[in-house]
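[1] predicted structure and sequence below. I'll ask about it afterward.
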Amino acid sequence: MKPIQIFVLLCTAALLFLAACESHETQSTDAESMQQAVPESITTQTLSESNWVLVNLHGEEFTLTMEGARQPGITFDGAEERVYGFAGCNQFTGGFTLEEAGRLSFTQMASTKMFCPDMEVEDRYMEALEQTTHAVMIEGMLQFSDRESAVVAVFYADPETPDF
């Protein structure tokens with residue numbers, strides 16, 4: 001082999017090695033990995049700045065299975081202390097209270113009463129809201145947990161999503 005070919009071969013190998021070492025960080029919604037991250041303080045303003053799209057429900061990654069289906073989520077109106085959302089089939093509304101240390105509670109929740117073929121996700125989502133006692137922000141994700149500190153729902157902020 002000629003010295004130039006050896007040089008090109010070594011440079012190519014070095015570039016491939018460096019590319020393999022490159023970090024490919026992705027934002028994880030895995031509840032267990034989120035619990036290890038440092039929580040950020042949460043305020044009514046923080047909650048109200050975005051629409052929150054559901055990505056994890058009771059520790060399981062949440063993805064829509066029906067094409068064209070609308071993603072469940074929640075919108076907070078801090079000035080009115082109201083919450084609005086879409087649960088997968090029905091719209092819901094209610095009040096919320098956010099106290100110190102991230103204590104969050106939902107009150108006087110009401111929803112439309114349409115029947116859809118698959119109500120399982122909606123039932124689990126509404127159950128998660130009922131169980132919620134705390135909220136924290138972790139790496140830009142909104143995480144709800146119950147009184148045993150188990151994560152019941154995780155959301156990402158999506159300012160582009162229209163209000164639920």
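    Received it, and whenever you're ready, just let me know what you need. Residues are numbered from 1 along each chain as shown.
[2] for the chain, just list every one of the helices.
    With DSSP state H as the criterion, the chain has helices at 3-21, 31-36, 44-48, 120-131.
[3] for the record, mean pLDDT for the second one?
    Pointing back at helix 31-36 there. Here helix 31-36 scores 52 as its mean pLDDT.
[4] just the pLDDT for the residue lying closest to Thr112 once chain neighbours are set aside.
    Nearest residue to Thr112 in three dimensions, chain neighbours excluded: Asn90, at 4.3 Å (Cβ to Cβ, 6 or more residues apart in numbering). Yep, even glycine has a C-beta here, placed from its N, CA and C like the rest. As predicted, Asn90 sits at a pLDDT of 94.
[5] you'd agree Met114 is up against Phe92?
    No. Using Cβ atoms under 8 Å, Met114 makes no contact with Phe92, being 11.6 Å away.
[6] dump the residue contacts of Cys116.
    Contact analysis of Cys116 by Cβ atoms under 8 Å, 6 or more residues apart in numbering lists 88-90, 122.
[7] any low-confidence regions in the protein?
    Where the chain drops to pLDDT under 70, the residues are 1-38, 64-68, 161-164.
[8] and Glu127, how many neighbours?
    Neighbour count for Glu127, taken as other Cβ atoms under 10 Å: 14.
[9] quick one: it from Ser48, how far?
    Glu127 is 24 Å from Ser48, where distance means Cβ to Cβ, to the nearest Å.
[10] same check on Gly140?
    Following Cβ to Cβ, the distance that separates Gly140 from Ser48 is 16 Å.
[11] go on, Thr107?
    If you go by Cβ to Cβ, the gap between Thr107 and Ser48 works out to 17 Å.
[12] neighbour count for those two, which is higher?
    A count of neighbours by other Cβ under 10 Å puts Ser48 above the other of Thr107 and Ser48, at 15 against 10.
[13] I'd assumed Arg82 was in contact with that one.
    No. Using Cβ under 8 Å, Ser48 makes no contact with Arg82, being 10.0 Å away.
[14] Met126 versus the residue nearest to Thr112, what's the distance?
    Counting by Cβ to Cβ, the gap from Asn90 to Met126 is 9 Å.
[15] could you name every residue contacting both of the two?
    Joint contacts of Asn90 and Met126 (Cβ under 8 Å, 6+ apart) are Ser111.
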